[in-house]
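[1] Next comes the sequence, and after it the predicted model I'd like to discuss.
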Amino acid sequence: MSWSDRRATASGAAVAALAASLMLAACGFQLRGAQKLPFETIFVNTPPNSALGSALGRQIRAGTGTRTVQQASGANAVLDILDEVRTRDVLTLNAQGRAVEYKLIYRLKFRLHDGNGQEFIAPTELHAQRDISINDSQVLAKESEEALLYRDMQADLVQQMLRRIAAVRPLRADQG
């Protein structure tokens, strides 16, 4: 293959990549990127050592322009975590009657309000579930896998919650 043929092939590939990019842009596709929350400040009402509270605070600080505050009175919005439950249900039993497969379920109930009676999001429950198989010879590995699955479900629910908060349209002072 001659040098000019290679250049023609490379420029043809570049043109094809540019055309694909333009088609994706024309259809409205874009990467999710950072969330834009409709509040300048938010108070996340969770216990101080809560893993969920830490994950929420980290996602809000890193992925949005919203600041988390330490007091509900200084916030434009208050996020109350009403309930957080992790359960494990048996899916499959072996011939000896031992569980060999579980369904892990993570439920999260929250509400979002302004602290003065106006509710932005009524109490809402989100849930995620994953299946895990258990092997008696790998108990420690499966415990670690279960913890990772719960952490993964928590991250999913935090993202779902932030998308719902981003969709809120609070009334401005000139609208009320």
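    Received, thanks.

[2] residues near the spatially closest residue to Tyr106 that is not a sequence neighbour, how many?
    Leaving out its chain neighbours, the residue that sits closest to Tyr106 by CB to CB, 6 or more residues apart in numbering is Met153, at 4.1 Å. Where C-beta positions appear, they are placed from N, C-alpha and C, glycine not excepted. Residues lying near Met153 (other CB atoms under 10 Å) number 21.

[3] longest strand of the protein?
    Criterion DSSP state E: the longest strand present in the chain is strand 77-93.

[4] Just list what the next helix or strand after that one packs against, helices and strands only.
    Counting by DSSP states H and E, the next helix or strand C-terminal to strand 77-93 is strand 99-113. Counting contacts by 3 or more CB pairs under 8 Å, 6 or more residues apart in numbering; DSSP states H and E, strand 99-113 packs against strand 77-93, strand 119-133, helix 139-166.

[5] and the angle for the last one with strand 119-133?
    The one in question is helix 139-166. Calculated by axes from the mean of the first three to the mean of the last three CA atoms, to 10 degrees, helix 139-166 forms an angle of 160 degrees with strand 119-133.

[6] how much space is there between the spatially most central residue of the chain and Phe110?
    Geometric centre of the chain, nearest residue: Gln159, 1.7 Å, by CA atoms, centre = their mean. According to CB to CB, to the nearest Å, Gln159 and Phe110 sit 13 Å apart.

[7] next one: Ala141
    Noted for Ala141: a distance of 33 Å to Phe110, by CB to CB.

[8] who has more neighbours, these two?
    Neighbours around Ala141 and Phe110, counted as other CB under 10 Å, are more numerous at Phe110. The numbers are 24 against 10.

[9] Do I have it right that that one meets Leu82?
    Yes. Here Phe110 reaches Leu82: they are 6.0 Å apart, a contact under CB atoms under 8 Å.

[10] now Arg101, which residues is it bridged with?
    Careful, residue 101 is Glu; it's not Arg. Thr92, Ser133 (DSSP bridges).

[11] do the same with the one 10 residues further on
    Taking DSSP bridges, one finds Asp80 as the beta-bridge partners of Arg111.

[12] residues in contact with it?
    By CB atoms under 8 Å, 6 or more residues apart in numbering, the contact set of Arg111 is 79-80, 82, 119, 121-124.

[13] what does Arg164 give?
    Arg164 makes contact with 121, 124, according to CB under 8 Å, 6+ apart.

[14] can you tell me how far it sits from Leu91?
    From Arg164 to Leu91 the distance is 29 Å (CB to CB).
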